[in-house]
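# Coordinates for the following, if possible.
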Amino acid sequence: MEQLTDDVFSGLGIMVLIICLVVLVFYVWSVVWAYMDARRRGKPGWLVALVVLLMVWPVGLLLWLLLRPQSQRHQV
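The predicted structure is shown next:
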């Protein structure tokens with residue numbers, strides 16, 4: 001029984017590690033994406049990336065998605 005418990009907890013530890021790595025990759029990707037998106041839209045990319053990076057993570061990304069200006073390619 002003790003061996004089974006140890007196996008379950010080690011399996012959970014691996015799953016938690018994988019989930020944390022996926023979240024970290026998505027976090028870094030969202031900061032890079034926000035930077036490039038801001039540059040495409042004529043805004044200071046470093047400032048937008050900093051806001052996404054330093055705010056509580058999903059809030060900063062959602063804030064940029066809601067407040068970002070229209071793309072300069074679509075403006076006439």
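# Could you count how many residues lie near Val28?
The tally of other residues near Val28 (other CB atoms under 10 Å) stands at 11. The C-beta positions use only the backbone N, C-alpha and C, and glycine is treated the same way.
# Now name the helix or strand holding Ser71.
According to DSSP states H and E, Ser71 maps onto no helix or strand at all.
# excluding its backbone neighbours, what's nearest it?
The shortest distance from Ser71 to any non-neighbouring residue, by CB to CB, 6 or more residues apart in numbering, is to Arg41 (5.7 Å).
# and that neighbour, what is it in contact with?
Arg41 makes contact with Arg68, Pro69, Gln70, Ser71, Gln72 under the criterion CB atoms under 8 Å, 6 or more residues apart in numbering.
# One more: Gly45?
Contacts of Gly45 (CB under 8 Å, 6+ apart): Ala34, Tyr35, Met36, Ala38, Arg39.
# tally of neighbours for the first one?
When counting by other CB under 10 Å, one arrives at 24 neighbours for Ala34.
# Surely it is in contact with Val52?
Yes. At 4.4 Å, Ala34 and Val52 qualify as touching, with contact defined as CB atoms under 8 Å.
# mean confidence score for the helix or strand hosting Leu12?
Assigned by DSSP H and E, Leu12 belongs to helix 2-40. Here helix 2-40 scores 84 as its mean pLDDT.
# Same question for stretch 50-68.
pLDDT averaged over stretch 50-68 gives 84.
# how far does it sit from the chain's center?
9 Å (CA atoms, centre = their mean, to the nearest Å).
# now do the same end-to-end measure for it.
Stretch 50-68 has an end-to-end distance of 15 Å (criterion: CA to CA, to the nearest Å).
# and it, which residues are buried?
Within stretch 50-68, the residues that count as buried by 16 or more other CB atoms under 10 Å are Val51, Val52, Leu53, Gly60, Leu61, Trp64.
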